[in-house]
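Asks: model the structure of this input:
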Amino acid sequence: MTAQPKNRDPHSRLALICDRCGTTRGTSNEYLTFRGAWLQLWQLATNEGWQGTDQPTGPHRCPTCVSR
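Replies: Have a look, this model is predicted:
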């Protein structure tokens, strides 16, 4: 899947979406650029067990799907 901008939620700049099950992982941040927000989100997600490419376009898998 991809990292999607979240314009409707003022507390979350991006959402990372699992390609397998659709689980999302959002982040709030103070970065002004998409790239900065992505780097922060990907670092947090990988620390939690997410796997995949380090690019916003994916693919990405959540910790639950990684363990299956």
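Asks: now the helix ranked longest in the chain: buried residues?
Replies: Once the chain is assigned using DSSP state H, the helix that runs over the most residues is helix 34-47. Buried residues in helix 34-47, counted by 16 or more other Cβ atoms under 10 Å: A37, W38, Q40, L41, W42, A45. C-beta: built from backbone N, CA, C; applies to glycine.
Asks: nearest to S67, of these?
Replies: A45 (14.9 Å; Cβ to Cβ).
Asks: would you check that that closest one makes contact with L16?
Replies: Yes - A45 lies in contact with L16 (Cβ atoms under 8 Å); the separation is 5.4 Å.
Asks: common neighbours of those two, please.
Replies: R25, H60 (Cβ atoms under 8 Å, 6 or more residues apart in numbering).
Asks: okay, and the beta partners of the most centrally placed residue in the chain?
Replies: By Cα atoms, centre = their mean, the chain has its centre lying nearest to L16, at 2.5 Å. When assigned by DSSP bridges, L16 has beta-bridge partners A3, R25.
Asks: contacts only, for it.
Replies: M1, A3, T24, R25, G26, L41, W42, A45, W50, H60.
Asks: touching, the fourth one and A15? I think so.
Replies: Yes - when contacts are counted by Cβ under 8 Å, R25 is listed as touching A15 (7.0 Å).
Asks: which of these two has more residues huddled nearby?
Replies: Set side by side, R25 and A15 show more neighbours around R25, with 20 against 17, by other Cβ atoms under 10 Å.
Asks: contacts only, for the more buried one.
Replies: Counting by Cβ under 8 Å, 6+ apart, R25 makes contact with A15, L16, L41, L44, A45, E48, W50, C62.
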